[in-house]
Structure formats: C-alpha cells, structure tokens
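S.K.: Have a look; sequence and predicted model below, questions after that.
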Amino acid sequence: MKGFGKYVIFLGSLFVRRETFKTYYQLVLEECIIIGIGSILLFVLVSTFMGAVSTIQTAANLVNPLIPRYIISQVVREMTILELAPTIMAIIYAGKVGSSMAGGLGTMRITEQIDALEVMGINSSSYLVLPKIIASILMYPLLVIVAGVCSLVGGYLVGTLTGIMTAEDYIYGIRLAFNPYFISFALIKSLVFAFLISSISSFKGYYTQGGALEVGIASTSAVTTSVIAVLLSDYFLAQLLL
Amino acid sequence: MIKINHISKAFNGRSVLDSISGEFDKGKTNLIIGSSGTGKSVLLKCIVGLLQPDQGSVYFDLRNFTEADKEMKSEIRREMGMLFQGGALFDSKNVEQNVMFPLDVLTTKPLEEKLDRVNFCLKRVGLENVNSKMPSEISGGMKKRVGIARAIVNNPNYLFCDEPNSGLDPQTSIVIDELIKEITEEYDITTVVVTHDMNSVMGIGEKIMFLYKGQKLWEGSYREIMNSGVKELDDFVFTNKVMKNLKGKVTSL
C-alpha cells in the first residue's frame, strides 16, 4: 500500500511546476519517435506470426466437416482484436519500452542527472516522465492497430498459401458478424495499458537507488509489475465493458 | 551569501548531521572538508534542497529556502549552478546541448544568443571545438569542465561543487580548482565546494568548514589550518609524511 501511495503521489507530481508547452511538444515528439519507430518492426514481426500460428491452430482444432472453413478466420479476427493485439502486445511493449524507460531513468538517477535537473529548478519527474506517458498513450494504440492488421494479414497468408482455406473464405469470415464495438474496446484497453506500462516503468526507474545492479533490478521489476497491472486491468475492463 | 542555521539530518534514526551552522561568503571559495562519511555531501544536498533537513534552515541572501514554497524554491534554484561528482552530463545530449540546456529550459533567448553564450562559457573553461562531442567521447577532466560551463551558463549567484577533483589526476585537479576560484572571483558569486582533497584545501580554501562525524569542529582559512589546535583536523590534514614534514617546518618558523 505504501508503494501504491508513493506511485499516486508520483503521478500527482507530474502536473505541478510544469515547463512550457513548447518544451513538452519537443520531448513528446522525440519520445514518439523512440517508442513508435523503435517498436514497429518488433510489433509487425510478432503480430504477423501470431496471426499465422492462430490460423493454423484454429484450423487444426476445427476438424468437423460441418463447420465451414470461414469460421477459422472469424475466430482469428476475434482473438486478434479482443486479446492478441492489445494485451499480448502490451506484454511485449512492457518488455521493450517499459524496461527501456525504467533503465534510462534509473541510470539518470544513479549518475545524478535527475539531481542536476532539480538543482536547475526543473521539476524532473514532470520533465522526464510526462512526455513518456503522453507519447506512450499516443503511440501504443497506433501500434495495436498495426499489430491487428499484421495479425490478420499473417493469418491470410498462411491460410491461403498452405491451403487451409481459400482467400474468399478468409475474407468472408473476417467480415462475418463483425462487431465494431470490439475495435473501440481494444483501443480503450490499449490506452489504459499504455498509461499503466509507461507510468509504472517510469516510477520504478525514477526511484532507483544504488548502482548498476539496482538499475537492472528496477528494469526487471518495471516489466513484472507492468505485466501484472496489465493482466489485472484486462480482466476488470472485460468485466466492465463487455 | 548563504547562511545555514542548525542543520540536522538523520537517516533511519542514525544522525548524519548534527546542528551545523555557518556562513558561506560571497566572492569567496568556501570549502566543506572532512573524511568520507562525515556528512559533507549530505550537507551540500540539504543546502541545494535535494534533501530536506530534519531541523534547521538555509538562507540564500536572507531568503529562507527551507521554508519557501515550491515557486520560491524554484526561483532560488534558478540562481544556482552545480557541478556534480561525476559531471552528471546528459548522456543523450552532446557537449553544446548540455551546456545550452539551462538556457533552453529556463530562458526565452534566441538561438544565436544562446549559442554565443555557450561558446563563451566553453571557451572560459578552456574547451573549444568539442561542441558536437558526446559525453562518452570526452575525458573525465573535460566532463568536469563541461559541467562547470553548464553550471555558469545562466549566470548563477551560487555555485556548488561536489568533489570536483574526484577521479582526476593531480595536475588536472589543480586546473579545475583554479578555474573554480577564478570564476568565483570574476563573477563575484558564492561558491561552496565539498572536498577531501588537501591540494584543494591548501590551494583555494579561503573559508573552510571542517566536519567530523556530522558535527562542525572547526572553521577558518587555509592559512590557519596548520595551527588549528583541533586534533581531529590535524589527523585529517596531516595524514602523509609530506604534510607532517610541512607542519614541522611551519611550527618551527
């Protein structure tokens, strides 16, 4: 509870003694490039394979000749939109971006760079962390959209190239009984996950104490805590919004 | 001038600073000396506000910094420059960006003017043609110089240096010490240096505060340090044969 209270106070500190809008604009842009461009290749690769494997495994389970083949792509679509793209990608995002945020801030802490900002009269938490959270909230939903598309494309390629189903069946299944609300649900989840991962990772990095060993511990802790928070919030969001 | 009044600080019930009072004069290089673990750096952090003292107060030209609100603290901090032990240069920025950083964030000066000021400060600390180098590409001594340039770029009224000579060879240490002293006199600022380097003490110690086990045991100048009469200070100062011989010669004069 003490840690949670400290986290809440930390979040509050982001909004006091803020710098100028121009300063944040520059920093958010820089973070967007680091987060977005730096993660897109990994997201494309992982999600494409995820869609491909989902198609193969769903096909392997739907062996009843009475079940039409287009059901495979319908199942892949629902899995991708509801869980694979926003949630599984969040775990990968925590591992890549979250650990990098915690490691970066932890290193800045132990090398007194954060102290240097404070002595200059700058609110170091607001200056360093707020742009990371904003950039995360802006970029992660976009990455989720890219992941969703790549997953469906991966499923399409494997489904059609291996002869599991025809292209027409795949497209038909993708469009069958589509509920647009699921897209909104996935995007709401992605916003919450982006906030949780970036804020928890920054919190862990910002309060690092000690040396290089502790920076490593902070990075690991940032990933594990973020993943737990993502999974818990995933459950609550599903209960609330579905 | 900076004045500290009965500063006390404890960590987990263990007292690190015990009611330290004193004044740091304007235009002078004020030194806080003592062995490792005596609370020098903690005292400096209490003065600049990186740590909140348990008791006591710090005054910057009669402005109570300890009890000031966040806005006032921020205002006073913008008059400070600080050189950290490891330089604390921002890894992601090059030398020019590091030195320009306080101007970027704290002022609205045009780029031309900021560049002029950065180049002037770099030249002042003896660095030229290193603007585009990253901190990882320069030596320890150069990092300290860049740190000093960054500390003075916004014309501070107060300059703080935490162990400016740590990790430097004796020759470079003297250069850094001289630079700090020159800048202090040139800009008429209040400089506080935390050190345990005896070369610094004898070279630039115009006003020295000696800490021992969290208490202030002695205050004076480098001229008075030889005959302080304080055993703990003598033990600290005359640790090697050269210094012991020096003391013998001074005493016999």
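M.R.: Perfect, I can see it now.
S.K.: show me the contacts for residue 19.
M.R.: Picked chain A for this. Counting by Cβ atoms under 8 Å, 6 or more residues apart in numbering or on different chains, A:E19 makes contact with A:122-123, A:126-127, B:105. Where you see a C-beta, it was placed from the backbone N, CA and C, and this is true even at glycine.
S.K.: was after chain B, sorry
M.R.: B:6-8, B:55-56, B:215.
S.K.: Repeat that for A:T58.
M.R.: A:72, A:75-76.
S.K.: Counting by contacts, list what the host helix or strand of A:E31 packs against.
M.R.: If you go by DSSP states H and E, A:E31 is part of helix A:21-32. Helices and strands touching helix A:21-32, by 3 or more Cβ pairs under 8 Å, 6 or more residues apart in numbering or on different chains; DSSP states H and E, are helix A:124-161.
S.K.: What's the mean pLDDT across the helix it packs on?
M.R.: In this model, helix A:124-161 has an average pLDDT of 95.
S.K.: So B:L127: helix, strand or coil?
M.R.: coil (DSSP: H, G, I helix; E, B strand; the rest coil).
S.K.: neighbours around it, how many?
M.R.: For B:L127, the neighbour count with other Cβ atoms under 10 Å in any protein chain shown is 20.
S.K.: isn't it right up against B:V95?
M.R.: Yes: taking Cβ atoms under 8 Å as the definition, B:L127 is a contact partner of B:V95 at 7.4 Å.
S.K.: anything in contact with each of the two?
M.R.: Common neighbours of B:L127 and B:V95 (Cβ under 8 Å, 6+ apart) are B:V146.
S.K.: So which elements touch whichever helix or strand A:I217 is part of?
M.R.: Element membership for A:I217 (DSSP H and E) is helix A:212-241. Helix A:212-241 sits against helix A:89-93, helix A:99-110, helix A:181-206, with contacts defined as 3+ Cβ pairs under 8 Å, 6+ apart.
S.K.: 6 Å - rerun?
M.R.: Contact analysis of helix A:212-241 by 3 or more Cβ pairs under 6 Å, 6 or more residues apart in numbering or on different chains; DSSP states H and E lists helix A:99-110, helix A:181-206 as its packing neighbours.
S.K.: Not counting its neighbours along the chain, what's nearest A:T48?
M.R.: Residue nearest to A:T48 in three dimensions, not counting chain neighbours: A:G154, with 3.7 Å by Cβ to Cβ, 6 or more residues apart in numbering or on different chains.
S.K.: for that neighbour, what are its contacts?
M.R.: Counting by Cβ atoms under 6 Å, 6 or more residues apart in numbering or on different chains, A:G154 touches A:48, A:51-52.
S.K.: and what of A:S219?
M.R.: Taking Cβ under 6 Å, 6+ apart as the contact definition, A:S219 lies against A:99, A:102-103.
S.K.: tell me which parts of chain A are close to chain B?
M.R.: A:17, A:111-113, A:115-116, A:119-122 (Cβ under 6 Å from any Cβ of the partner chain).
S.K.: can you do 10 Å?
M.R.: A:16-17, A:19-20, A:22-23, A:26, A:30, A:34, A:104, A:107-108, A:110-123, A:127 (Cβ under 10 Å from any Cβ of the partner chain).
S.K.: about what we covered before: now the buried members of the contacts of A:T58.
M.R.: Buried members of those, counted by 16 or more other Cβ atoms under 10 Å in any protein chain shown: A:72, A:75-76.
S.K.: picking that back up, pull out the buried residues from the helix holding A:I217.
M.R.: A:215, A:218-219, A:221-223, A:225-227, A:229-230, A:233-234, A:237.
S.K.: Farthest-apart pair in those residues, please.
M.R.: Farthest apart among these by Cβ to Cβ are A:V215 and A:L237. That separation is 31.8 Å.
S.K.: list the contacts for the residue of chain B found nearest chain A?
M.R.: Of all residues in chain B, the one sitting closest to chain A is B:R77 (3.5 Å; Cβ to the nearest Cβ). Contact analysis of B:R77 by Cβ atoms under 10 Å, 6 or more residues apart in numbering or on different chains lists A:118-122, B:48-49, B:60, B:65, B:68, B:106, B:156, B:158.
S.K.: Now the element after the longest helix along chain B, going C-ward?
M.R.: Counting residues, the longest helix found in chain B (DSSP state H) is helix B:170-187. Using DSSP H and E, the helix or strand that directly follows helix B:170-187 along the chain is strand B:190-195.
S.K.: my read: A:Y70 touches A:E168, true?
M.R.: Yes: the pair A:Y70 / A:E168 is scored as a contact, 8.5 Å apart, by Cβ atoms under 10 Å.
S.K.: neighbour-wise, which of these two wins?
M.R.: A count of neighbours by other Cβ under 10 Å puts A:Y70 above the other of A:Y70 and A:E168, at 19 against 11.
S.K.: tell me the average confidence for the helix holding A:E31?
M.R.: Computed over helix A:21-32, the average pLDDT equals 90.
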